[in-house]
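**Q** I would like to see how this sequence folds:
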Amino acid sequence: MVWIGLATLVFLSQHFYFNSNKSEFVLTLKVATLGWIIDTLLIQNHSILFEGSYFDSPLNVQPFWMTCLWLSLGASLNHSLAWLKNFINWSPLIGSALGTFSYLAGEHFGVLHFESGEALFITAASWAVALPILILFSMDCS
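**A** Next up is the predicted model:
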């Protein structure tokens, strides 16, 4: 899945080249770090198994392609997802629904697998906490 990394690199290079707000770079790194922590904990908790997540490795960390998605999410928060700032009170509900739906789509496409019945609820709870934090990160960057 090297092409995902290259596509993300091209996208982010264009994004940062045309964006005069240098704090966007910090925002993108914060979002990717939070995403890496969340997904790595889900993997180590045996809630989710990602395709290419190095499950046989003693590290059990988030795969590179998923980090690329988190980087892209970070770059989108103050642009196509800026509307979320108007709904910060609703963000736990929005996050638990839409975040979980994105992981369900990943399962449908065969790039991840929920390891247990509780994994869906753990993912929803993770996104219910994560999205308000992500919005606060983006508000701090604006």
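
**Q** which residue of the protein sits farthest from its center?
**A** Ser20 (23.7 Å; C-alpha atoms, centre = their mean).

**Q** you'd agree that residue is in a helix?
**A** No - the assignment for Ser20, made by DSSP: H, G, I helix; E, B strand; the rest coil, is coil rather than a helix.

**Q** read off the pLDDT value for it.
**A** We have a pLDDT of 74 for Ser20.

**Q** cool, Ser47 as well?
**A** pLDDT recorded at Ser47 is 93.

**Q** the one 3 residues further on now?
**A** We note a pLDDT of 86 for Phe50 in this prediction.

**Q** next SSE downstream of the helix or strand bottoming out on mean pLDDT in the chain?
**A** The helix or strand of the chain with the lowest confidence, counting by mean pLDDT, DSSP states H and E, is helix 2-18 at a mean of 83. Using DSSP states H and E, the helix or strand that follows helix 2-18 in sequence is helix 23-44.

**Q** now do that following helix: which elements does it pack against?
**A** helix 2-18, strand 48-50, helix 64-76, helix 117-141 (3 or more C-beta pairs under 8 Å, 6 or more residues apart in numbering; DSSP states H and E). Any C-beta I mention is one placed from the backbone N, CA and C, and that applies to glycine too.

**Q** swap in 6 Å and give it another go.
**A** helix 64-76, helix 117-141 (3 or more C-beta pairs under 6 Å, 6 or more residues apart in numbering; DSSP states H and E).
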